[in-house]
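K.L.:
build me a model from this:
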Amino acid sequence: MFWEKLSRCHVPDAVGGLASATKPERALVTVVKTPKATTSPQRLVRENVWIRRILVGIVIIYVGGLILAPLAALVVGAFRDGLRAILAALSQPDVLTAFWKTLLISLIVVVFQATFGTVVAWVFVRDRFRGRQFLNALVDMPFAISPVVVGYMLLLLFGRNGLLAPVLTALDIQVAFALPGMILATLFVTLPFMIRELIPLLENFGTSQEQAAATMGASGWQTFWKVTLPALRWGFIYGVTLTFARALGEFGAVLVIGGGIQGRTETATLYIYRALDERQYVGAYSAALLLGLFSLMLVMATDIFRKMEKSRYS
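P.N.:
Now for the predicted structure:
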């Protein structure tokens, strides 16, 4: 009896295969069989290639249509009467004054944002204090508020009948319809760029290298200049670039607070608006093309230099 039971439950060997297995064992082996692949690897590769091509085409059409198509329209409109007409339009005294004022405002704003934006990002990452989350949320307000509303809010503060009008009158300071108001408006709309570029880098950088420098006798200022700032340099450069490009193209806020007075508070964007209103299309297209190309080249040059440095040290 013992040998009969043992012979019924033996396991099939490699030589006998499935022929020596009992019926329950053959059923079990049938259940765990691996199903055959229904799709060949070559077909999967072809499908992935077509999906990638479709996605790349969508990206090219979307980005190219939003950026290259308007630039092409500006080029056609600017060169409609030839290069000489462009040079004549851009060499007018009021146009040169408008571009100079735009450049001046942008440089002042970049200096302020590079300094105080770095400080704000540093404090948000390194310190925890009451009201920090609320202030962090306020930094993104320029993304949500229309620039026209920003100019109107500044007008309510610094205008002739504004809340701070008595103080400004006593100090003989003019903010609205003057350069200070235009600088404040541009500072408001460019606030997030430097801060949002630096905060992720500071969080990833951590504090270990700074603590090591402190243990070696470096002061806080030396640690910042020798350790922290070099690690943040490309985020700093990107923040400055985006801030400068945004300041060059600001329109709504400076129009409301500055008034667009020709020869006094007219920037390059305000000149474009006035030229279109007066049907000076060549001047408007030429100024818009110059501003657009300059901002685009600024951003692209920063990205190219960063890639060159990465390839040099890799």
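K.L.:
show me the contacts for the closest residue to residue 205 other than its chain neighbours.
P.N.:
Leaving aside its sequence neighbours, residue 205 sits nearest to residue 231 (CB to CB, 6 or more residues apart in numbering; 5.3 Å). Every C-beta, even on glycine, is put in place using the N, C-alpha and C of the backbone. Contact analysis of residue 231 by CB atoms under 8 Å, 6 or more residues apart in numbering lists 201, 205, 209.
K.L.:
helices and strands around the host helix or strand of the last one, which ones?
P.N.:
Spelled out, it's residue 209. If you go by DSSP states H and E, residue 209 is part of helix 208-215. The helices and strands touching helix 208-215, judged by 3 or more CB pairs under 8 Å, 6 or more residues apart in numbering; DSSP states H and E, are helix 220-223.
K.L.:
how about the helix it packs on: buried residues?
P.N.:
residue 223 (16 or more other CB atoms under 10 Å).
K.L.:
name the surrounding residues that touch stretch 183-193.
P.N.:
105-106, 108-109, 112-113, 117, 139-140, 142-143, 147, 150-151, 154, 158, 175, 239, 242-243, 246-247, 250, 253-254, 256-258.
K.L.:
let me fix that: stretch 148-159
P.N.:
Here stretch 148-159 has contacts from 142, 162-165, 168, 175-176, 181, 184-185, 188-189, 252-257, using CB under 8 Å, 6+ apart.
K.L.:
quick one on the thing from earlier: distance of the residue nearest to residue 205 relative to residue 210?
P.N.:
Counting by CB to CB, to the nearest Å, the gap from residue 231 to residue 210 is 10 Å.
K.L.:
likewise residue 65?
P.N.:
Counting by CB to CB, the separation of residue 65 from residue 210 is 46 Å.
K.L.:
look at those two and report which has more neighbours.
P.N.:
residue 210 (18 against 10; other CB atoms under 10 Å).
K.L.:
which residues sit in contact with the more buried one?
P.N.:
Counting by CB under 8 Å, 6+ apart, the residues that residue 210 touches are 223, 227, 228.
K.L.:
and whichever strand or helix holds residue 52, what does it pack onto?
P.N.:
Secondary structure from DSSP H and E places residue 52 in helix 41-78. Counting contacts by 3+ CB pairs under 8 Å, 6+ apart, helix 41-78 packs against helix 281-313.
K.L.:
buried sites along the helix it packs on?
P.N.:
So helix 281-313, judged by 16+ other CB under 10 Å, has buried residues 282-292, 295, 302.
K.L.:
show me what that helix is packed up against.
P.N.:
The contact analysis (3+ CB pairs under 8 Å, 6+ apart) places helix 281-313 against helix 41-78, helix 83-90, helix 93-126, helix 233-248, helix 268-277.
K.L.:
apply 7 Å and report the result again.
P.N.:
Judged by 3 or more CB pairs under 7 Å, 6 or more residues apart in numbering; DSSP states H and E, the packing partners of helix 281-313 are helix 41-78, helix 83-90, helix 233-248, helix 268-277.
K.L.:
so what's the gap between the longest one and the chain middle?
P.N.:
How far helix 41-78 lies from its chain's middle: 21 Å, per CA atoms, centre = their mean, to the nearest Å.
K.L.:
spatially nearest residue to residue 146 (excluding sequence neighbours)?
P.N.:
residue 252 (6.6 Å).
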